[in-house]
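Chemist: Quick one: sequence and predicted model below, then my questions.
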Amino acid sequence: MSKLVIVGTLAFDAIETPFGKTDKILGGAATFIGLAASHFNVDATAVSIVGDDFPQDYLNLLSDKNIDLSGVEIVKDGKTFFWSGKYHNDMNSRDTLVTELNTLADFNPIVPENYRDAEVVMLGNLHPIVQSGVLDQMTTKPKLVILDTMNFWMDSALDDLHNVIKRVDVITINDEEARQLTGEYSLVVAARKIHEMGPKYVVIKKGEHGALLFHDDNVFYAPALPLEEVFDPTGAGDTFAGGFAGYIAKTGDTSFENMKNAVIYGSTLASFCVEKFGTERMVNLSSEEIHKRLQQFKELTQFEIELT
């Protein structure tokens, strides 16, 4: 069984969608990545920072899923990162209402000693210098490094972002970000340009329209399952990344064929995440439910046709 290092935020979110709104609830990239990866029974650690206002119940929720929290720094008298957002009717676009970095502003991640030889590293969306700092601490070169990033860093820290992109194997970004990063409208051309920056694999997330996996001249498309209820898209991208990373860590296979399976697992888990607010759906998700939905994914995309 591979070790998995998860780096990202543990946070409070306050969310408003056309279907309702929440007070401060549990959120953060490391939270969603960890909950998704926990379904693969891998030896995972979360590296993050919180204030002492972060409830012990939230930490217990993660440790109960066998996620090691020795890399989580708790700052005395500190306040935890807080994000508030409002989704539009189409649920694809949102406005950020409040961002309070709080303790995250001074985050200097420390990877626990016994995870510095981890085979898989999942770098959640943080400042590129913080992401690079994690890689600097690894004592052996990971088998696979996965990087998530966003347009904010392209606007404010592009050189630092390029420096960390050179060092990773997989990058996961959405279609708008891929276009911004490369200046190319065609996602095929954009993926090729990103390959040239370093990553062997490029995953482009297209929200409710699924995800694309690029490797050299190979392309794989995973649809998103049409769902009856979409309550809250927050964390869906991180859940996808956690499913992807967890599956790779479990199987230890980094071939393109296995990456396809990882993308399907990521998409499957993300499809659950959006059905309730915050982490509610992910916390009580059973392996039977996952298996059933994987079967639905299979039926959605399988067909037989005779080529004459």
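Modeler: Structure's in. What do you need? Everything numeric here is computed off the predicted structure, so don't read it as measured data.

Chemist: How are the strands of the stretch 151-300 of the chain distributed by residue range?
Modeler: 170-174, 201-205, 211-215, 218-222 (DSSP state E, counting those that start in this stretch).

Chemist: Take these and write them to TSV, including mean pLDDT.
Modeler: Formatted as TSV, these follow (pLDDT from 0 to 100):
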stretch	mean pLDDT
strand 170-174	96
strand 201-205	97
strand 211-215	97
strand 218-222	96
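
Chemist: would TSV of these with mean neighbour count be doable?
Modeler: Bear in mind the C-beta positions are built from the backbone N, C-alpha and C, glycine included. Formatted as TSV, the strands of the stretch 151-300 of the chain follow (neighbours: other C-beta atoms under 10 Å):
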stretch	mean neighbour count
strand 170-174	25
strand 201-205	25
strand 211-215	22
strand 218-222	16
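
Chemist: want to try a markdown table for the ones you listed, with distance to Leu294 as columns?
Modeler: Conversion of the strands of the stretch 151-300 of the chain to a markdown table gives the following (distance: least, C-beta to C-beta, whole Å):
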| stretch | distance to Leu294 |
| --- | --- |
| strand 170-174 | 20 |
| strand 201-205 | 18 |
| strand 211-215 | 15 |
| strand 218-222 | 12 |
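
Chemist: Now do the same contact list for the residue nearest the centre of the chain.
Modeler: When C-alpha atoms, centre = their mean is applied to the chain, the residue found nearest the centroid is Asp238 (2.6 Å). Neighbouring residues of Asp238 by C-beta atoms under 8 Å, 6 or more residues apart in numbering: 8, 29, 31-33, 36, 124-125, 148.

Chemist: Lys65 too?
Modeler: Contacts of Lys65 by C-beta under 8 Å, 6+ apart are 34-35, 38.

Chemist: ditto for Ala46
Modeler: Counted by C-beta under 8 Å, 6+ apart, Ala46 has contacts 6-8, 10, 30, 34, 62, 67-69, 71-72.

Chemist: Report the distance from stretch 283-298 to the chain centre.
Modeler: On the basis of C-alpha atoms, centre = their mean, to the nearest Å, stretch 283-298 is displaced by 19 Å from the centre of the chain it belongs to.

Chemist: now swap in stretch 155-165 and tell me
Modeler: On the basis of C-alpha atoms, centre = their mean, stretch 155-165 sits 19 Å off its chain's mean C-alpha point.

Chemist: same question, stretch 197-211
Modeler: With C-alpha atoms, centre = their mean, you get 12 Å for stretch 197-211.

Chemist: contact partners of that stretch?
Modeler: By C-beta under 8 Å, 6+ apart, stretch 197-211 touches 91-92, 147, 162, 165-175, 178, 187, 190-191, 194-195, 212-215, 221-224, 230, 233, 236-237, 240, 244, 256, 259, 263, 266-267.

Chemist: Restricted to helices, list those residues.
Modeler: Taking DSSP state H as the definition of helices, the contacts of stretch 197-211 contribute 162, 165, 175, 178, 187, 190-191, 194-195, 236-237, 240, 244, 256, 259, 263, 266-267.

Chemist: of those residues, buried ones?
Modeler: Those of these that meet the buried threshold are 165, 175, 178, 187, 190-191, 194-195, 236-237, 240, 244, 259, 263, 266-267, by 16 or more other C-beta atoms under 10 Å.

Chemist: Which of the contacts of Lys65 sits closest to Ser156?
Modeler: Using C-beta to C-beta, Gly34 comes nearest to Ser156 of these, at 26.6 Å.

Chemist: With adjacent residues omitted, what lies nearest to Gly124?
Modeler: Nearest residue to Gly124, sequence neighbours excluded (C-beta to C-beta, 6 or more residues apart in numbering): Gly8, at 2.5 Å.

Chemist: tell me the contacts of Leu269?
Modeler: Residues counted as contacts of Leu269 (C-beta under 8 Å, 6+ apart) are 36, 39, 239-240, 242-243, 282, 285, 290.

Chemist: Tell me the most packed of those residues, by neighbour count.
Modeler: Gly242 (36 neighbours; other C-beta atoms under 10 Å).

Chemist: Where does the residue nearest to it when sequence neighbours are not counted fall, secondary structure wise?
Modeler: In this structure, Gly242 finds its nearest non-sequential neighbour in Ala36, 3.0 Å apart by C-beta to C-beta, 6+ apart. Following DSSP states H and E, one finds Ala36 within helix 29-37.

Chemist: Just the terminal-to-terminal distance for stretch 159-173.
Modeler: Stretch 159-173 has an end-to-end distance of 17 Å (criterion: C-alpha to C-alpha, to the nearest Å).
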